[in-house]
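S.K.: kindly generate the corresponding structure for this input.
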Amino acid sequence: MSEPGPGLAARALLRSLDRASLGTLMRPGTPEAGAPYASLVMVALDHDVSPLLLISQLADHTKNLDANPAVSLLFDGTQGLDEPLTGPRVTVQGTAHKTDDPRLKARYVARHPGAAMYAGFKDFAFWRVAISRAHLVAGFGRIHWIAAEEICRPGPAEELAEAEAAILAHMNAEHADAVQLYATKLLGGSGDGWVLTGVDPEGADLRRGGQTLRLPFAKAVGTAEQARVELVRLVKQARSA
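M.R.: Here you go, the predicted model:
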């Protein structure tokens, strides 16, 4: 089987990670004005792969964004490797803007349940990053600059996006055994208590405490019914594993 193209490989890595290093430029009026500033942020992705952030207005990186929306996000997929430089990482470049979209807020909190306690604080806000391009390093000599249209999907499948919250609620309440099978039989996870935290056209996200897993679909889906068919197929595959 041939390896996926750079855009697909980068997108798969982004979807598998729930945190990144955020790069901003120090704002005017500070001693370090214009200097790069890096910080750790928790990230969710919209269906089109746009990164979503929930950050405090009191944080330096947020004050920097208020002055200059340009950002860089490093997604590091090298954790646990004996030779990290042989592993994959993606740097995303783009611009960040605040969002009040309730769907995006719900998607972020589903991905990071602990964020629910401060998501409503007045000094916290959700931000969406519009990707302009990305840089993939998939190992020694496997380096690619990727245009936005190669890494981003055209946009969320509207029907699936609208049905996502209901799908998650149904799966976690009525089919917790299936979610557990996805994690342990198909993805190599261990322990009980796995929950589904997201469903997008290319797969589903699972979480257990601080652990996350990515369940890829065999083919892209665009409706709730197509997602149901794929989730049923995968649980059958898990039961026969």
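S.K.: does I55 touch W127 like I think?
M.R.: Yes - the pair I55 / W127 is scored as a contact, 6.4 Å apart, by C-beta atoms under 8 Å. For every residue, glycine as well, the C-beta is placed using N, CA and C.
S.K.: ok, I146 - how many residues close by?
M.R.: 22 (other C-beta atoms under 10 Å).
S.K.: phi, psi of it?
M.R.: phi -130, psi 130 (degrees, to the nearest 10).
S.K.: what's the separation between it and V221?
M.R.: Counting by C-beta to C-beta, to the nearest Å, the gap from I146 to V221 is 24 Å.
S.K.: swap in D82?
M.R.: 37 Å.
S.K.: likewise for A157?
M.R.: Applying C-beta to C-beta, the value for A157 to V221 is 7 Å.
S.K.: overlap in contacts, these two.
M.R.: Counting by C-beta atoms under 8 Å, 6 or more residues apart in numbering, the common neighbours of A157 and V221 are P201.
S.K.: on that earlier part again, more crowded one of D82 and V221?
M.R.: The neighbour comparison of D82 against V221 (other C-beta under 10 Å) goes to V221, with 22 against 6.
S.K.: who's in contact with the closest residue to the more buried one other than its chain neighbours?
M.R.: The spatial neighbour of V221 that comes closest, neighbours along the chain excluded (C-beta to C-beta, 6 or more residues apart in numbering), is A227 at 4.8 Å. Contacts of A227 were listed using C-beta under 8 Å, 6+ apart, and they are L160, A163, I167, V199, V221.
S.K.: go with 7 Å
M.R.: With contacts defined as C-beta atoms under 7 Å, 6 or more residues apart in numbering, the neighbours of A227 are L160, I167, V199, V221.
S.K.: before we move on, which element is it in?
M.R.: Using DSSP states H and E, A227 falls within helix 224-240.
S.K.: the strands in this protein, which residues?
M.R.: 19-25, 36-45, 51-56, 70-76, 89-99, 124-137, 143-147, 195-200, 203-208, 211-216 (DSSP state E).
S.K.: P6: which of the ones you listed is closest?
M.R.: strand 143-147 (3.9 Å; C-beta to C-beta).
S.K.: the closest one pairs with which strands, and in what direction?
M.R.: Using DSSP bridges, the strands paired with strand 143-147 in its sheet are strand 124-137 (antiparallel).
S.K.: pull out the buried residues from the strand it pairs with.
M.R.: Across strand 124-137, burial judged by 16 or more other C-beta atoms under 10 Å covers F124, A125, F126, W127, R128, V129, I131, A134, H135, L136, V137.
S.K.: stretch 195-215 now?
M.R.: For stretch 195-215, by 16+ other C-beta under 10 Å, it's 195-208, 212-215.
S.K.: and what of stretch 111-126?
M.R.: Neighbour-count burial for stretch 111-126 flags R111, H112, A115, A119, F124, A125, F126 (criterion: 16+ other C-beta under 10 Å).
S.K.: point out the least confident member of those, please.
M.R.: Ranked by pLDDT, the buried residues of stretch 111-126 bottom out at A119, which has 92.
S.K.: show me what the residue lying closest to P36 once chain neighbours are set aside is bridged to.
M.R.: Nearest residue to P36 in three dimensions, chain neighbours excluded: G23, at 5.8 Å (C-beta to C-beta, 6+ apart). For G23, the beta-bridge partners are A38, S72 (DSSP bridges).
S.K.: what's the answer for R19, then?
M.R.: For R19, the beta-bridge partners under DSSP bridges are M42.
S.K.: and the gap between it and S240?
M.R.: For R19, the distance to S240 (C-beta to C-beta) stands at 34 Å.
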